[in-house]
Structure formats: C-alpha cells, structure tokens
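Engineer: Fold the following.
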Amino acid sequence: MAIKPNYRYERSQRDKAKAAKKEAKLAAKVAKEKVAERQSEREQSTDSG
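Structural biologist: This is a model prediction of the structure:
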C-alpha cells in the first residue's frame, strides 16, 4: 500500500527552502555591495592622498 502524500508538509518544506535560498542570495548581495564600497573608499583615499 502506498503512503498517502502530505501536501501541506511538502509545501512547507518547499517554502522553507525557497526562503533560505532568498536569504542567502540577499546576504551575498549585501556582502558584494560592502566589498565594492570598501574598494571605492580605498580608491578615493589613494587618489586624494
């Protein structure tokens, strides 16, 4: 006999995975922006100094 599918559980697992992926993508974007900001600060300080 086959196991009855638990659609609510499966959907919650997909939603959790989607949220985790979205959060990781946002964190990577923020980190990338910080790196770019630091590089621009360094360029400005070396140009004026």
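Engineer: which stretches of this structure have low pLDDT?
Structural biologist: 47-49 (pLDDT under 70).
Engineer: Going along the chain, name the helices of it.
Structural biologist: 7-48 (DSSP state H).
Engineer: Backbone dihedrals for I3, please?
Structural biologist: phi -80, psi 140 (degrees, to the nearest 10).
Engineer: Around it, count how many other residues there are.
Structural biologist: Residues within reach of I3, counting by other CB atoms under 10 Å, total 5. For the C-beta atoms, the positions are set from N, CA and C on the backbone; glycine is no exception.
Engineer: Kindly report the same for A27.
Structural biologist: 10.
Engineer: and the gap between it and Q13?
Structural biologist: Per CB to CB, to the nearest Å, A27 is found 21 Å from Q13.
Engineer: same deal with I3?
Structural biologist: For I3 relative to Q13 (CB to CB), the value is 16 Å.
Engineer: same deal with K21?
Structural biologist: 13 Å.
Engineer: swap in V30?
Structural biologist: Using CB to CB, we find V30 at a distance of 26 Å from Q13.
Engineer: Flag every buried residue along stretch 16-30.
Structural biologist: Across stretch 16-30, burial judged by 16 or more other CB atoms under 10 Å covers no residue at all.
Engineer: roughly how far out does it sit from the chain middle?
Structural biologist: Averaging C-alpha positions (CA atoms, centre = their mean, to the nearest Å) puts stretch 16-30 3 Å from its chain's average.
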